[in-house]
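Trainee: predicted coordinates and the sequence they were generated for:
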Amino acid sequence: MSVLFFSLGQKRLENIHYFTIPFALQVWFYNYNVYHSSVVALVLISPLVYKKYAERRADESYKSSE
């Protein structure tokens, strides 16, 4: 959605009345929120992924030691 709005803004960038400051701020805030939420999601998910990876490593090392 934001990509569509951003491309529309870029196409009509010469039309100053269309590409207003509030529109630019709205695009910036939307992109910032997406970035912020993705960082939070990565921080929350990474311990789970690491735990699964550590369990798999432990299983492999246990099987190889048998």
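Mentor: In hand now; what should we look at? Numbers count the residues shown, from 1 in each chain.
Trainee: can you give me the neighbour number for Ser38?
Mentor: 10 (other C-beta atoms under 10 Å). All C-beta atoms are positioned from the backbone trio N, CA, C, and that covers glycine.
Trainee: pLDDT wise, what is it at?
Mentor: Ser38 carries a pLDDT value of 77.
Trainee: what are the ranges of the strands in this structure?
Mentor: Shown for the chain, no strands are assigned by DSSP state E.
Trainee: longest single helix anywhere in it?
Mentor: The single longest helix within the chain, with elements called by DSSP state H, is helix 21-65.
Trainee: give me the helices and strands touching that one, please.
Mentor: helix 2-11 (3 or more C-beta pairs under 8 Å, 6 or more residues apart in numbering; DSSP states H and E).
Trainee: flag the shaky bits of this structure, pLDDT-wise.
Mentor: 1-22, 24-25, 66 (pLDDT under 70).
Trainee: repeat that for 50
Mentor: For the chain, the stretches flagged by pLDDT under 50 are 1.
Trainee: count of neighbours near Val27?
Mentor: 16.
Trainee: with Asn31 instead?
Mentor: Applying other C-beta under 10 Å, I find that Asn31 has 13 neighbouring residues.
Trainee: same check on the one 3 residues further on?
Mentor: Neighbour count for Val34, taken as other C-beta under 10 Å: 11.
Trainee: quick one: it from Val43, how far?
Mentor: For Val34, the distance to Val43 equals 15 Å [C-beta to C-beta, to the nearest Å].
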